[in-house]
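Asks: Provided below for reference: sequence and predicted model.
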Amino acid sequence: MARARLAVLALLASAAVPLVAAGLRSVLWALLGFAGLALAAAGLWWMLAHTGVLRALGALLAVAAPVAVLVLFAVVGMLLPALLSLALWALASTTARTALGPGAASAAARQRGRAPTEAPRAPWVLMNPRSGGGKVGRFHLVERAEAAGCRVVLLDGSQDVAALARQAVADGADLLAVAGGDGTQALVAEVAARHDVPFMVIPAGTRNHFALDLGLDREDPAGALDALAHGTEIRVDLGFAADRVFVNNASFGVYGFVVTDPAYRDAKAGTTLRALPALLTGEDAPRLRMRAGDVGVDGLQALLVSNNPYGRAVDAASPGRRERLDTGLLGVVGVRVADAAQAAGLVRGPHAEGLVRLTAEQVVVTSATDTALPVGIDGEHAVLPSPVVCRVEPGALRVRVPRRRRLRPSRATVTDWRKVARLALGRARETDDDGDGRGRP
């Protein structure tokens, strides 16, 4: 209740500050600020979708528009009130979400409520010494895993990851673990799920978003080994794109084509900038069709299908956080931008015309022109025959995790201010829809 009241007070204060500073003229200054953001978005579109002079002009506009707004605000004495108003709005938004959502402490308590499991007798760990800039060697993961009783296999880049995991199960492994990137984790997780063997994540990759949403510390990959002797088991969902498993997401369209370039792994930014103009505005630019239940959308340039929904709008390069990994739903985020005007409209956020967000148990993806679709599956390149059916298999994967983890609720995309106001006024908090007693990974 206290957080809800603080959120409402901060929201009211964020509106009052510019009114006190400039009266009704503050509305005009607010509109000017939104116009600057829209121009910056349009400039970013020109920079990404074109080459040569248009790209240079777009980059200039993307920088000059917000700078010009800030300078103008400073000249008329509105810069400090505007910054204070934004800070209060951010405080209101963050506090409102924490007032409505489950706290990290309660989430962790639910997880610790799971009964501890017996330590595995024959754990098997696959380690990629190149992942994460050499985290395996830097954190002495091989020595620590072997000291904990694990059989360790090192990847040299030529082995079949799934075949190694299957052989480990055939040899009697009662736990499969991976110290590497999300793509490698997905391959081994599929084998673990198929044989109903517990799976363990050691976050030794560059990003390891799956580990982050499991509550693991990516800066301390060796800490995940605590799950061997002092662990608990949870069940999480797995996503499928055709017959390929993903623990995070499958990305179609622009990103799916970009990762096909061999240069992408070593030069992500440069490769992406070179490829984007043709992918966004070229004659052969990908145009996707998506159907999820009764919803169908054509003309998408990018489509992200995730294993459980993200809490905020995301893209393939920088996904957000998933509060749960056991909802039995896919998250769907699609983008359709035809010109600079639609790009400018994206500043509206979740309500933008060119943005599609929904959840579904199954998503069918097709292309208007191609019989095969390039897909980025947990960052790894694949080509799948069209149509691609994406689905989720609830509770398919047994995951062994340390009893103590960093569980944080993700941020909702839109705050329900009516609920916040009711809570601030002292009314009983409505029962959460997920009162099914299931743990939250």
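Replies: Ah, there it is. Numbering: from 1, shown residues only.

Asks: Hmm, Leu330 is touching Pro309, no?
Replies: Yes - here Leu330 reaches Pro309: they are 7.5 Å apart, a contact under C-beta atoms under 8 Å. In this view, the C-beta of every residue, glycine as well, is placed from N, C-alpha and C.

Asks: Give me the common contacts of the two.
Replies: Thr359 (C-beta atoms under 8 Å, 6 or more residues apart in numbering).

Asks: Only the buried residues of stretch 140-147, if you could.
Replies: Across stretch 140-147, burial judged by 16 or more other C-beta atoms under 10 Å covers 141-142, 145.

Asks: Does Gly215 belong to a helix, a strand or coil?
Replies: Using DSSP: H, G, I helix; E, B strand; the rest coil, the structure places Gly215 in coil.

Asks: Val71 versus Gly43, what's the distance?
Replies: Going from Gly43 to Val71 by C-beta to C-beta, to the nearest Å gives 17 Å.

Asks: The two: who's more crowded?
Replies: Relative neighbour count places Gly43 above the other of Gly43 and Val71, with 23 against 11, counting by other C-beta atoms under 10 Å.

Asks: With adjacent residues omitted, what lies nearest to that one?
Replies: Leaving aside its chain neighbours, Gly43 sits nearest to Leu61 (3.0 Å; criterion: C-beta to C-beta, 6 or more residues apart in numbering).

Asks: Remind me which helix or strand the one you found belongs to.
Replies: helix 52-75 (DSSP states H and E).

Asks: Leu12 now?
Replies: Counting by DSSP H and E, Leu12 is part of helix 2-22.

Asks: Can I get that helix as PDB, trimmed to CA atoms?
Replies: The C-alpha coordinates for helix 2-22 follow below in PDB (Å, rounded to 0.1, in the frame of the first residue of the first chain):
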ATOM      1  CA  ALA A   2       2.800   2.400   0.800                       C
ATOM      2  CA  ARG A   3       4.400   1.800  -2.600                       C
ATOM      3  CA  ALA A   4       1.200   2.400  -4.300                       C
ATOM      4  CA  ARG A   5       0.700   5.700  -2.500                       C
ATOM      5  CA  LEU A   6       4.300   6.800  -3.300                       C
ATOM      6  CA  ALA A   7       3.600   5.900  -7.000                       C
ATOM      7  CA  VAL A   8       0.500   8.000  -7.100                       C
ATOM      8  CA  LEU A   9       2.200  11.000  -5.400                       C
ATOM      9  CA  ALA A  10       5.200  10.800  -7.700                       C
ATOM     10  CA  LEU A  11       2.900  10.600 -10.800                       C
ATOM     11  CA  LEU A  12       0.900  13.700  -9.600                       C
ATOM     12  CA  ALA A  13       4.200  15.500  -8.800                       C
ATOM     13  CA  SER A  14       5.600  14.700 -12.300                       C
ATOM     14  CA  ALA A  15       2.600  16.500 -13.800                       C
ATOM     15  CA  ALA A  16       2.700  19.400 -11.300                       C
ATOM     16  CA  VAL A  17       6.300  20.300 -11.800                       C
ATOM     17  CA  PRO A  18       6.000  21.600 -15.400                       C
ATOM     18  CA  LEU A  19       2.700  23.200 -14.600                       C
ATOM     19  CA  VAL A  20       4.200  25.200 -11.800                       C
ATOM     20  CA  ALA A  21       7.200  26.100 -13.900                       C
ATOM     21  CA  ALA A  22       5.400  27.200 -17.100                       C
END
